[in-house]
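Novice: Turn this into a model:
(chains A, B, C and D)
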2 protein chains.
Amino acid sequence: MRRTNIPDAAIRRLPVYLRVVSELAEADVPIISSAEMAERTGLSPEQIRKDLAYFGAFGTRGVGYDTALLARRIARILGLHRGVKAALVGAGHLGHALARYSISQHKDIQITAIFDTDPEKIGTDVMGVPIQPVSELVETCRAKGVKIGIVAVPASAAQTTAELLKEGGVEAILNFAPAKLKVEDVFVQNIDLTIELQSLAYYTSASEGDPGDGQ
Amino acid sequence: MRRTNIPDAAIRRLPVYLRVVSELAEADVPIISSAEMAERTGLSPEQIRKDLAYFGAFGTRGVGYDTALLARRIARILGLHRGVKAALVGAGHLGHALARYSISQHKDIQITAIFDTDPEKIGTDVMGVPIQPVSELVETCRAKGVKIGIVAVPASAAQTTAELLKEGGVEAILNFAPAKLKVEDVFVQNIDLTIELQSLAYYTSASEGDPGDGQ
DNA sequence: AGCTGTGAATGTTTTCACAGCT
DNA sequence: AGCTGTGAAAACATTCACAGCT
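Specialist: Here you go, the predicted model:
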């Protein structure tokens, strides 16, 4: 359905715009120009206008964008107006932190279930959301209509976890495990701390001195 | 120095290749073809060959790539052979989890300092790395030669933190705070959980039903 | 006068296709 | 025979420049 001619890169910028206009609407600033949004996001005004124009003409020429209206429109484009349900798998240190953050911040994306294999953890909860055994994953996700899965398990368990999530009806996965997930018809986004840190190293003077020779 | 014609996207894939060939070298698999690497990474063989070719001819025609050699070469390109030092700012739940993970996993990128403002936390440690007050950040980073900063503070403190890191000699920042950092001559990479989750929502059926109308 | 919306131009990244070693 | 290395082509994304509303 989605697969149109809209750049993926543009989709990934929509939440940035949403944050900016939401804050402004909250602060009773009724209008913002693309130039000012550019200032606040570090992007170019043309790019912002183009991104928004993919979805329709939301602004007023000579004036700018209505912050409250634009916030509602972007939320709708992303499907956030319905309240998207997410499940976390893996309640280790990272999973725990992600869950805490996510439960407290987002109303639009709700973590409604958490799963782990550790018997010690099962029965406990994270900010009111109980930790359930992975054996209940498929059934629970189906019953609750979970659409997004967050994978924060060790690499060795990641593929199995992804397959369970798919079986549970999940359509998109945010994967923190350092492993390539192969699941058809599920959109996978990877966040890999090791990869981020290692590629950052390239941009420091640590990577200056060149080859010299093989060794 | 770095600013050549090498795609940023290629740099970000190098750590993926590094992981694959390191694992293979470890498992005493001496040679791998670009086709097999493609299989393991989900990328195309041509892209892998092209990415590697930016830095020289590492493979042998008709054969493939020597895993151990390629691992050393990539590590060298990224500057990892010298052991890059990183500092974490913000030892909240997320920062704590990141530090634990990073300290245990990486030998090549070492978290050698952690800073926080909370007096309760100062004096405690994360896996042997002491938590210091932010007032000591600049001096400590300079003294230790820290090149990478990890920002895991609230959005309101992010900009100040980034400026301190720059003053401390940091050249690249991994920013987990939902805020745009403006620091000249410092390479900034953002990881924003909210943005990732919200853009994922677009790829689920939650975002199916279209506009209908403004409201 | 001002700021959006957008075709056209430019720049960047990926894919193709094949020559070149081993 | 097989797999790398690489110009050339294609696809994709960004920036330019200006027409079009308000």
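Novice: if we look at the sheet, which residues does the residue nearest the centre of chain A bridge to?
Specialist: Most central in chain A under CA atoms, centre = their mean is A:Leu174, positioned 6.7 Å from the mean C-alpha point. Beta-bridge pairing for A:Leu174 (DSSP bridges): A:Ile150, A:Gln189.
Novice: low-scoring stretches of chain A, by residue?
Specialist: A:1-4, A:209-215 (pLDDT under 70).
Novice: how about the strands in chain A?
Specialist: In chain A, the strands defined using DSSP state E lie at A:31-32, A:59-60, A:64-66, A:84-89, A:109-116, A:125-126, A:129-133, A:148-151, A:172-175, A:187-190.
Novice: Mind checking the ones you listed for the one nearest to DNA strand C?
Specialist: Smallest distance to DNA strand C across the strands of chain A (CB to the nearest atom of the strand): 2.9 Å, for strand A:59-60. (Each C-beta comes from the backbone N, C-alpha and C, glycine too.)
Novice: longest helix in chain A, by residue count?
Specialist: Looking across chain A with DSSP state H, the single longest helix is helix A:8-26.
Novice: picking that back up, so the residue nearest to the centre of chain A versus A:Lys121, what's the distance?
Specialist: Distance from A:Leu174 to A:Lys121, counting by CB to CB, to the nearest Å: 20 Å.
Novice: Check A:Tyr202 too.
Specialist: Here A:Tyr202 is placed at a distance of 38 Å from A:Lys121 (CB to CB).
Novice: got it, and A:Lys182?
Specialist: Distance, A:Lys182 to A:Lys121, by CB to CB: 28 Å.
Novice: Kindly report the same for A:Asp108.
Specialist: Going from A:Asp108 to A:Lys121 by CB to CB gives 27 Å.
Novice: Please report how far whichever residue of chain A sits closest to DNA strand C lies from chain B.
Specialist: Nearest to DNA strand C in chain A, going by CB to the nearest atom of the strand, is A:Gly62, at a distance of 2.3 Å. Separation of A:Gly62 from chain B (CB to the nearest CB, to the nearest Å) stands at 20 Å.
Novice: can you count the residues close to the closest residue to A:Asp125 other than its chain neighbours?
Specialist: Among residues not flanking A:Asp125 along the chain, A:Ile131 sits closest, at 6.3 Å (CB to CB, 6 or more residues apart in numbering or on different chains). Residues near A:Ile131, counting by other CB atoms under 10 Å in any protein chain shown, number 21.
Novice: Residues in a beta bridge with A:Ile131, which ones?
Specialist: Taking DSSP bridges, one obtains A:Ile114 as the residues bridged to A:Ile131.
Novice: Now for it: which residues touch it?
Specialist: For A:Ile131, the contacting residues are A:Ala91, A:Ile114, A:Phe115, A:Asp116, A:Lys121, A:Ile122, A:Gly123, A:Thr124, A:Asp125, by CB atoms under 8 Å, 6 or more residues apart in numbering or on different chains.
Novice: The same query, at a cut-off of 6 Å, please.
Specialist: Counting by CB atoms under 6 Å, 6 or more residues apart in numbering or on different chains, A:Ile131 makes contact with A:Ala91, A:Ile114, A:Asp116, A:Lys121, A:Ile122, A:Thr124.
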